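K.L.:
Give me a model of this one.
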Amino acid sequence: MPNGAAERALHKVPEVTLLFWVIKVAATTLGETGGDAVTMSMNLGYLVGSVIFAAIFAAAVSAQIVAKRFHPFLYWGVIVATTTFGTTLADLLDRSLGIGYAGGASILLVLLVVSLAVWKWSLGSVSVNDPMSRKAEGFYWLTIMFSQTLGTALGDWMADNTGLGYEGGALVFAGALAIVAAAYYYTQVSHTLLFWIAFVLTRPLGATLGDLLDKPHSHGGLALSRYAASAAIAAFMISCIIFLPQRAALRRSGNLAQARRKQG
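P.N.:
Reported below is the predicted structural model:
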């Protein structure tokens with residue numbers, strides 16, 4: 001490997017930049033409008049919608065794990081799959097099963113913490129900048145799926161139970177993300193911890209934005225077509241990926257060699 005590349009090696013996930021978070025919020029918003037389009041506009045219900053999106057999620061994750069390098073459309077396709085599955089699964093827990101927003105959010109928070117704890121115990125780190133064996137990728141996507149589902153429950157709870165509405169809920173989560181960003185730049189708080197907090201918070205931000213777009217006026221929304229809103233958000237994401245190319249995250253080659261030894 002050339003000297004310049006000897007220090008670091010390519011990753012299969014994108015570099016975490018401002019563009020990463022812009023696309024992430026768009027993906028979570030698309031997950032909300034797209035999930036609602038299938039379960040509500042198509043009248044398939046939360047259970048059928050969850051089964052459909054679970055199958056899509058499983059197929060997309062399998063393709064991502066066997067991929068040899070970073071593919072932007074594949075990576076963000078998996079993220080969208082986790083957001084749509086997270087939307088329908090959270091709604092199934094909160095509404096169809098009668099657990100409620102607080103109960104659903106509590107269960108999902110426990111699952112998220114357990115996923116991170118087992119990942120940390122099993123591999124020694126939950127940093128997305130560390131090498132990704134197939135086992136680590138499995139934990140990565142399972143954790144993301146739990147975080148997306150938790151974020152959906154939090155967004156719905158904030159919009160429906162605090163009196164803030166969709167606009168107010170979006171502002172609260174945007175403010176929380178601003179605090180996380182400030183902590184990233186101006187404190188010594190673990191960047192790994194801040195990454196996962198931000199990952200969770202972008203989901204309810206997207207959920208409230210999606211609800212703001214497609215819910216009826218009587219519920220404080222803009223009453224846009226779920227299909228039109230989903231198409232517009234998808235077009236925005238595709239444009240970002242095409243015209244603002246992302247590069248793969250980089251990691252130290254020593255860590256990569258260590259990961260390969262673990263796999264072998």
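K.L.:
so Leu222 sits in a strand?
P.N.:
No - counting by DSSP: H, G, I helix; E, B strand; the rest coil, one finds Leu222 to be coil, located in no strand.
K.L.:
Quick check on it: phi, psi?
P.N.:
phi -100, psi 0 (degrees, to the nearest 10).
K.L.:
On the C-terminal side of the lengthiest helix in the chain, identify the next helix or strand.
P.N.:
Secondary structure assigned by DSSP state H gives helix 134-161 as the longest helix of the chain. Downstream of helix 134-161, the first helix or strand assigned by DSSP states H and E is helix 165-186.
K.L.:
can you list the weak-confidence ranges in the stretch 1-150 of the chain?
P.N.:
1-10, 129-132 (pLDDT under 70).
K.L.:
And the helices in it?
P.N.:
Ranges of helices in the stretch 1-150 of the chain, per DSSP state H, counting those that start in this stretch, are 3-6, 18-36, 45-66, 72-91, 100-123, 134-161.
K.L.:
hey, which of those is tucked in deepest?
P.N.:
helix 72-91 (a mean of 25; mean count of other Cβ atoms under 10 Å). (Each C-beta comes from the backbone N, C-alpha and C, glycine too.)
K.L.:
about what we covered before: who are the packing partners of the longest helix of the chain?
P.N.:
Here helix 134-161 touches helix 18-36, helix 45-66, helix 72-91, helix 100-123, helix 165-186, helix 191-214, going by 3 or more Cβ pairs under 8 Å, 6 or more residues apart in numbering; DSSP states H and E.
K.L.:
Measure how far it is from the centre of its chain, please.
P.N.:
6 Å (Cα atoms, centre = their mean, to the nearest Å).
K.L.:
Check stretch 200-218 too.
P.N.:
Per Cα atoms, centre = their mean, the centroid offset for stretch 200-218 relative to its chain is 14 Å.
K.L.:
Tabulate the CA atom coordinates of it in PDB.
P.N.:
Extracted in PDB, the C-alpha atoms of stretch 200-218 (Å, rounded to 0.1, in the frame of the first residue of the first chain):
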ATOM      1  CA  VAL A 200     -31.500   8.700  17.500                       C
ATOM      2  CA  LEU A 201     -32.500  12.400  17.600                       C
ATOM      3  CA  THR A 202     -32.500  12.800  13.800                       C
ATOM      4  CA  ARG A 203     -35.200  10.200  13.600                       C
ATOM      5  CA  PRO A 204     -37.900  12.000  15.600                       C
ATOM      6  CA  LEU A 205     -36.900  15.200  13.800                       C
ATOM      7  CA  GLY A 206     -37.600  13.400  10.500                       C
ATOM      8  CA  ALA A 207     -40.800  11.900  11.900                       C
ATOM      9  CA  THR A 208     -42.200  15.200  13.000                       C
ATOM     10  CA  LEU A 209     -41.200  16.800   9.700                       C
ATOM     11  CA  GLY A 210     -42.900  13.900   7.800                       C
ATOM     12  CA  ASP A 211     -46.000  14.200   9.900                       C
ATOM     13  CA  LEU A 212     -46.000  18.000   9.400                       C
ATOM     14  CA  LEU A 213     -46.100  17.400   5.600                       C
ATOM     15  CA  ASP A 214     -48.700  14.700   5.300                       C
ATOM     16  CA  LYS A 215     -51.100  15.000   8.300                       C
ATOM     17  CA  PRO A 216     -54.500  16.700   7.800                       C
ATOM     18  CA  HIS A 217     -55.000  20.400   8.700                       C
ATOM     19  CA  SER A 218     -57.100  19.400  11.700                       C
END
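K.L.:
What are the buried residues along that stretch?
P.N.:
200-215 (16 or more other Cβ atoms under 10 Å).
K.L.:
Among the residues you listed, which one sits closest to Arg226?
P.N.:
Using Cβ to Cβ, Asp214 comes nearest to Arg226 of the buried residues of stretch 200-218, at 4.7 Å.
K.L.:
which residue packs closest to the closest one, ignoring adjacent ones?
P.N.:
Computed as Cβ to Cβ, 6 or more residues apart in numbering, the closest residue to Asp214 that is not its neighbour in sequence is Arg226, at 4.7 Å.
K.L.:
neighbours around the one you found, how many?
P.N.:
22 (other Cβ atoms under 10 Å).
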